[in-house]
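>>> build me a model from this:
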Amino acid sequence: MKYEVLIHISESNGPYQNLVLEDYLLRTMNPEREIILLFYKNIDSVVIGRFQNPWLECDLCSMQQESVHLVRRQSGGGTVFHDLGNLNFSIICSKKIFDKRRNLQMISSALNNDFMLNISLNERDDLLLEGKKISGSAFRFLKDRVLHHGTLLIESDLNKLRRMLKSPISHLIIESRGVSSVPSKVINISDVTLINYINIIESIKNCFVNFYGDSIDDNIFWMNWNEVLMLERIVNFESRVDELKSKEWTLLETPFFKYEYKKDSERICRMEINKGKIVTFTFDYLI
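This is a model prediction of the structure:
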């Protein structure tokens, strides 16, 4: 079976818009004929996994003050920070040929060979440079196809990343049924070598074709997307963007958790919260 390679580059920096585009490509691709490679960059955003708790994962107050978007994606995995110094990649293909380790080896080989880096892959499917994380991945399985998307820290604001991904109330959450992130030390690729996202896209594209070799058709298609084109091509585009922005999706999809704090020297306040709403609220007296 020969596959056509479709390479998409989003010119939008809207995190919700790009997730809608990604979902559209996943749902409309032909898994028997196509392999899709998508690249996009987002403005400042904290992107949490489908089953995560934003009160546990990030600083919601600081995010609001600094106009950082909260985004809940459809895939699982942990929380990441996006800004214009981070490049996101998505590989969409048939379940028949999906291999997450191979995808990541392809990314690392491209960067190592073209930019003389020493990127390695750990057991958690992270890409490491000088022992620090430059890329994490998440996955979404849909019928006969798979979405594998990940980040590449090129010249991100790492100080802002650390601030936004540190919850000031995480120590007060005593139980959470959501998926918790695993903290990692991070580094920008630009800390090691001069590089830009255009060079990286070209490098990954070439390596992608070489990795799949005989499985790939001679036809390789490029397509650039802007928000006008998304609006024209994607059914219900604006309403789908609004749905991703909504509190019903970002906050009220949070799994059950328990929150506890001392109200004063004599009382402890306990709350049980499900789907973003308080379901029990009690005071226990210490004396």
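>>> now the element after the worst-scoring helix or strand of the chain on mean pLDDT, going C-ward?
The weakest-scoring helix or strand in the chain, judged by mean pLDDT, DSSP states H and E, is strand 216-225 (a mean of 79). As assigned by DSSP states H and E, the chain's next helix or strand after strand 216-225 is helix 227-233.
>>> for that next one, which outside residues touch it?
Helix 227-233 has contacts (Cβ atoms under 8 Å, 6 or more residues apart in numbering) with 11-12, 14, 17, 20-21, 24, 237-238. Yep, even glycine has a C-beta here, placed from its N, CA and C like the rest.
>>> burial check on residue 37, number of neighbours?
23 (other Cβ atoms under 10 Å).
>>> ok, what's across the strand from it?
Beta-bridge pairing for residue 37 (DSSP bridges): residue 7, residue 91.
>>> what pLDDT does residue 263 get?
As predicted, residue 263 sits at a pLDDT of 68.
>>> now swap in the one 3 residues further on and tell me
The predicted structure scores residue 266 at 72 on the pLDDT scale.
>>> from residue 92, how far out is residue 142?
9 Å (Cβ to Cβ, to the nearest Å).
>>> list the contacts of residue 253.
So residue 253 contacts 50, 72, 275-276 (Cβ under 8 Å, 6+ apart).
>>> helices along the protein, start to end?
15-28, 54-57, 60-65, 100-115, 158-164, 197-212, 227-233, 237-245, 247-250 (DSSP state H).
>>> among the ones you listed, which is the most enclosed?
Of those, the one with the most neighbours on average (mean count of other Cβ atoms under 10 Å) is helix 54-57, at a mean of 23.
>>> got the contact list for it?
46, 48, 60, 70, 72, 78-79, 165, 167, 169-170, 173, 176, 178, 180-181, 250-251, 254, 257, 259.
>>> any low-confidence regions in the protein?
Residues of the chain meeting the criterion pLDDT under 70: 1, 213-219, 263-265, 286-287.
>>> count of neighbours near residue 95?
For residue 95, using other Cβ under 10 Å, the count is 12.
>>> so it versus residue 220, what's the distance?
Residue 95 is 22 Å from residue 220, by Cβ to Cβ.
>>> next one: residue 120
Residue 120 is 29 Å from residue 220, where distance means Cβ to Cβ.
>>> circling back: neighbour-wise, which of residue 142 and residue 92 wins?
residue 92 (25 against 14).
>>> hang on, that one packs against residue 28?
No - with contacts counted by Cβ atoms under 8 Å, residue 92 stays clear of residue 28, the gap being 10.0 Å.
>>> please parse the protein into its domains.
Domain assignment for the chain by automatic domain parsing gives 3-253, 256-287.
>>> which residues are in contact with stretch 112-132?
Applying Cβ under 8 Å, 6+ apart, the contact partners of stretch 112-132 are 100-101, 104-105, 107-108, 111, 133-137, 150, 152, 182, 184-187, 189, 192-193, 195, 199, 203, 207.
>>> how long is that stretch end to end?
Stretch 112-132 has an end-to-end distance of 15 Å (criterion: Cα to Cα, to the nearest Å).
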